[in-house]
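**Q** Fold the following and give me the result.
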Amino acid sequence: MSDATPNLKSIWSHLDTLAFTQGYVDAAGVKTRYVNAGPKDAPVVVMIHGMGGSWENFTANFPVFAQHFNTYAFDLVGHGYSEKPDRVHDVTAYVAQLKGFIEAFGHKKVNLFGLSIGGWTSTRFTVEYPDMVDKNIVMSAWGRPRGNITPEQQKKGMAIRADRLAAVDNPTFEAMDKVFSELIAKPEDRMTDLLALRLRIYLQDGMSKVMRNVFDGISPEGWTKNQLDDEALKSVSRPTMVIATPDFPDLFLKNAHEYKELIPGLVWKEVFGASHWPQWEVSDDVNKIAIEFYNS
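**A** Prediction:
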């Protein structure tokens, strides 16, 4: 007899009854894998994943959002199964791809839902193209000037980079588990199919070079070019929410508080029992908070 847990959290435990479309679209010259579900006449939400991720980062959110919104998620350039040209992939490139993605479907204004570098991208996009944004939600806030990073935080960032590069140079299931231990605190939430998908992505040809192009996007030069300094955050003119995770007082929580101090009228929400992936770890809380914000 099987001892499988009936309430196992996995990609397909969320998507198995959802009607959705997965495909590819040209977004600013990048062949971009995407997923779409929800009423076509509803307000649009576009989800933007974190560094090294793919649209599946949002499978715990997608079916719930699709009950209310015309919901999209996509793989950033150099990520997932989107195109991987041999060049540096930075926030400038992600912003251009996001703009092209929105325009490819003929949308004029959208809501944004960004995680980690996806939230950095959504906020930079909001600064540059405010007329295309209705509301923006940021989780695991990032992108503040590098001068704000302590030596300890810098050391931790370098260790994460080393783990990611080691995992892509020698992709194994154990290496994927180590990568996800930096994203999802509880081992029981690091489900097998999440790790298996990341392993398949890392097994694609040329991924060692691709991942180095991704990390080159947050080199000191790339970071300075794309950073969200005080002036940038103070200029945000669209309603913005930050979802913070106080149980993990790391650089991202520090950045979240700086967003709170600088973005006019920012809506601040806290969720507990989560680390870097609150949209997965405490998805019910995040879904409720986000949908209420977009509908307000």
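**Q** which residues in the stretch 151-296 of the chain form helices?
**A** 151-169, 173-181, 192-202, 207-216, 220-226, 230-234, 251-262, 278-281, 283-295 (DSSP state H, counting those that start in this stretch).
**Q** What sits closest to the residue nearest the centre of the chain if chain neighbours are left out?
**A** What sits nearest the mean C-alpha location of the chain, by Cα atoms, centre = their mean, is His49, with 2.2 Å. The spatially closest residue to His49, leaving aside those adjacent along the chain, is Asn57, at 4.1 Å (Cβ to Cβ, 6 or more residues apart in numbering). Backbone N, C-alpha and C define where each C-beta goes, glycine included.
**Q** Next one: that neighbour from Ser140, what distance?
**A** 11 Å (Cβ to Cβ, to the nearest Å).
**Q** more neighbours, those two?
**A** Neighbours were counted for Asn57 and for Ser140 using other Cβ atoms under 10 Å; Ser140 has more, 30 against 26.
**Q** could you list every residue that touches the more buried one?
**A** Gly50, Leu115, Ser116, Gly119, Thr245, Phe252, Ala256, His276, Trp277, Pro278 (Cβ atoms under 8 Å, 6 or more residues apart in numbering).
**Q** and the last one, how many residues sit next to it?
**A** Here the count is done by other Cβ under 10 Å, and Pro278 has 26 residues near it.
**Q** Run a quick check on it versus Val138, I expect a contact.
**A** No: Pro278 is beyond contact range of Val138, at 11.1 Å (criterion: Cβ atoms under 8 Å).
**Q** give the contact list for Gln204.
**A** If you count contacts by Cβ under 8 Å, 6+ apart, then Gln204 has Tyr81, Lys84, Val210 around it.
**Q** Kindly tell me how buried the closest residue to Arg146 other than its chain neighbours is, as a neighbour count.
**A** Counting by Cβ to Cβ, 6+ apart, Arg146 lies nearest to Trp223, which is 5.4 Å off, once chain neighbours are set aside. By the criterion of other Cβ under 10 Å, Trp223 has 17 neighbours.
**Q** what separates Trp223 from Ile102, distance-wise?
**A** Counting by Cβ to Cβ, the gap from Trp223 to Ile102 is 25 Å.
**Q** cool, and Thr123?
**A** 16 Å.
**Q** Looking at the two, which one has more neighbours?
**A** Under the neighbour definition other Cβ under 10 Å, Thr123 and Ile102 were set side by side, and Thr123 has more, 29 against 22.
**Q** From what I see, the more buried one and Leu228 are in contact.
**A** Yes: between Thr123 and Leu228 there is a contact at 5.9 Å, judged by Cβ under 8 Å.
**Q** highest average neighbour count across the helices of the stretch 151-296 of the chain?
**A** Highest mean neighbour count of the helices of the stretch 151-296 of the chain: helix 278-281, a mean of 25 (counted as mean count of other Cβ atoms under 10 Å).
**Q** joint contacts of Asn57 and Ser140?
**A** Gly50, Leu115, Trp277.
**Q** does the second one really touch Glu281, like I thought?
**A** It refers to Leu115. No: in this structure Leu115 lies outside contact range of Glu281 using Cβ under 8 Å: 11.7 Å.
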